[in-house]
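>>> Got a predicted model here, sequence first, then my questions.
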Amino acid sequence: MSVAIHVDKVVKKYEDHTVINGLSLTIKPGELFTLLGPSGCGKTTLLRMIIGFNSIEGGTIKIDEQVINSIPVNKRKMGMVFQNYAIFPHMTVSENIAFGLKAQNANKKDMQSRINEMMKVVRIEDHHAKKPEKLSGGQQQRVALARALVINPNVLLMDEPLSNLDAKLRVEMRNAIKEIQQKVGITTVYVTHDQEEALAISDRIAVMNKGVIQQIGKPEDIYLRPNNLFVSQFIGTSNVIKGVIEKNQDGCFVVFNDGYREKMENLSDTVGDGHHVLASVRPQEFIVTSDTNALAGVVDKTIFLGINTHYFVTLKTGETVEVVQNIEDHALIPEGTAVNIKVKPKLINLFDEVSEMTLIKAGE
Ligand SMILES: Nc1ncnc2c1ncn2[C@@H]1O[C@H](COP(=O)(O)OP(=O)(O)OP(=O)(O)O)[C@@H](O)[C@H]1O
């Protein structure tokens with residue numbers, strides 16, 4: 001049975017420096033939950049509080065109904081995989097995996113069948129007699145994963161497990177981790193600063209900044225409807241353009257600084273006439289058009305990347321935006337060309353200029 005993790009108003013202080021001040025979240029049984037955020041935002045600190053390597057200065061952490069604040073690490077029934085694998089160089093693959101079990105005093109026959117089963121799950125059985133130096137980074141990470149899982153933990157914690165791998169192996173291993181996690185069905189907390197990795201692997205993501213949760217949601221929700229400007233900037237590429245709301249009997253419009261106006265159907269009721277906004281527009285949310293009700297600009301740079309072409313366009317207002325167009329829809333636009341670009345109003349996000357919080361109606 002998978003467990004839930006309840007983090008309730010936790011506080012972490014390193015001497016007089018408060019890194020996390022009253023953070024709450026719930027991780028559901030069996031889900032792969034990712035803590036995502038820039039370096040230094042407190043992801044590892046929170047992970048170490050869950051496993052018990054860090055003390056907790058306030059609040060509670062519960063596994064199902066049990067408060068675990070003062071339960072020692074070795075009694076928490078959690079497995080952890082680190083960025084640097086932390087497998088023993090002098091032991092073979094199966095000896096490394098056996099290590100965790102030995103500490104549990106399991107009997108020899110049970111131990112061997114459990115090790116074999118785990119090696120199969122992570123697909124490392126063909127290498128069982130090899131020492132780590134004969135394994136690739138991805139294979140070493142599979143051993144680390146098997147060693148963490150062999151003790152049948154309630155929770156699996158992974159701290160930047162793919163950072164030491166090259167780009168191709170990272171993609172292969174993130175698929176492998178997701179598959180293994182689903183097969184085992186274990187509640188997993190995964191830490192990364194890589195937004196693409198988080199989108200690819202997670203059931204849900206918590207985006208953190210400066211020790212504070214900015215948003216928790218499914219990858220697609222966080223990507224499509226970020227709660228605030230920080231999340232929209234951190235997940236994927238976003239252009240930010242200033243605008244003002246015009247509200248009249250015909251509806252609600254966002255008017256950009258050069259006069260281009262676009263009707264917005266999904267703004268929250270609190271948005272009023274004259275409201276200063278920041279529009280966050282992903283490169284693929286622009287359309288190059290012959291319409292003159294559009295942002296006028298000049299293509300500064302054209303980068304052809306096969307299926308898509310990226311254009312850097314300097315607008316009349318002086319802002320530079322990145323525009324991505326599918327090659328099937330457009331002939332390549334040479335540098336120096338004057339262009340008009342519109343936004344796709346259903347896809348873009350608007351934020352309050354001061355609070356930087358979303359102005360899109362919930363659920364739209
Ligand atoms: N042992 C420690 N003593 C004092 N300060 C610490 C300690 N560990 C972390 N910090 C501080 O706490 C903050 C959060 O660090 P943490 O390692 O949790 O961030 P992170 O989001 O995991 O970043 P990274 O991705 O770089 O590891 C940072 O300001 C860091 O300097």
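Happy to help now that I have it.

>>> Quick check: pLDDT value at Ala103.
With respect to pLDDT, Ala103 scores 69.

>>> The one 10 residues further on now?
Note on Ser113: pLDDT of 89.

>>> and it, what are its phi and psi?
phi -70, psi -30 (degrees, to the nearest 10).

>>> Return the residues of the protein in contact with the ligand.
Tyr14, Val19, Gly37, Ser39, Gly40, Cys41, Gly42, Lys43, Thr44, Thr45, His193 (C-beta under 6 Å from any ligand atom). Using the backbone N, CA and C atoms, a C-beta is placed for each residue, glycine as well.

>>> In three-state terms, label the second one for me.
So that's Val19. What DSSP: H, G, I helix; E, B strand; the rest coil gives for Val19 is strand.

>>> That one touches Lys12, doesn't it?
Yes: if you go by C-beta atoms under 8 Å, Val19 and Lys12 touch, sitting 4.9 Å apart.

>>> shared neighbours, those two?
The contact sets of Val19 and Lys12 overlap at Gly42, Thr45, Gly211 (C-beta atoms under 8 Å, 6 or more residues apart in numbering).

>>> Pipe those into a markdown table and attach distance to Leu315, secondary structure and neighbour count per row.
Putting the shared contacts of Val19 and Lys12 into a markdown table (distance: C-beta to C-beta, whole Å; DSSP: H, G, I helix; E, B strand; the rest coil; neighbours: other C-beta atoms under 10 Å) gives the following:
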| residue | distance to Leu315 | secondary structure | neighbour count |
| --- | --- | --- | --- |
| Gly42 | 37 | coil | 21 |
| Thr45 | 41 | helix | 21 |
| Gly211 | 36 | coil | 20 |
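
>>> for the residues you listed, which one is nearest Ile360?
Of all those, Ile360 sits closest to Gly211, with 26.1 Å by C-beta to C-beta.

>>> Quick one: residues contacting the residue in the stretch 101-250 of the chain that the ligand sits nearest to.
Distance from the ligand to each residue of the stretch 101-250 of the chain (C-beta to the nearest ligand atom) is smallest for His193, at 5.0 Å. Contact analysis of His193 by C-beta under 8 Å, 6+ apart lists Leu36, Gly37, Pro38, Ser39, Lys43, Glu160.

>>> rerun that using 7 Å as the cut-off
Gly37, Pro38, Ser39 (C-beta atoms under 7 Å, 6 or more residues apart in numbering).

>>> gap between it and Thr34?
His193 sits 11 Å away from Thr34, going by C-beta to C-beta, to the nearest Å.

>>> Lys210 is in contact with Cys41, isn't it?
Yes: using C-beta atoms under 7 Å, Lys210 is in contact with Cys41, at 6.0 Å.

>>> Now Gly137: closest residue in space, sequence neighbours ignored.
Excluding its sequence neighbours, the residue lying closest to Gly137 (C-beta to C-beta, 6 or more residues apart in numbering) is Leu165, at 4.8 Å.

>>> Would it be right to say that that neighbour lies in a helix?
No: using three-state DSSP, the assignment for Leu165 is coil, not a helix.
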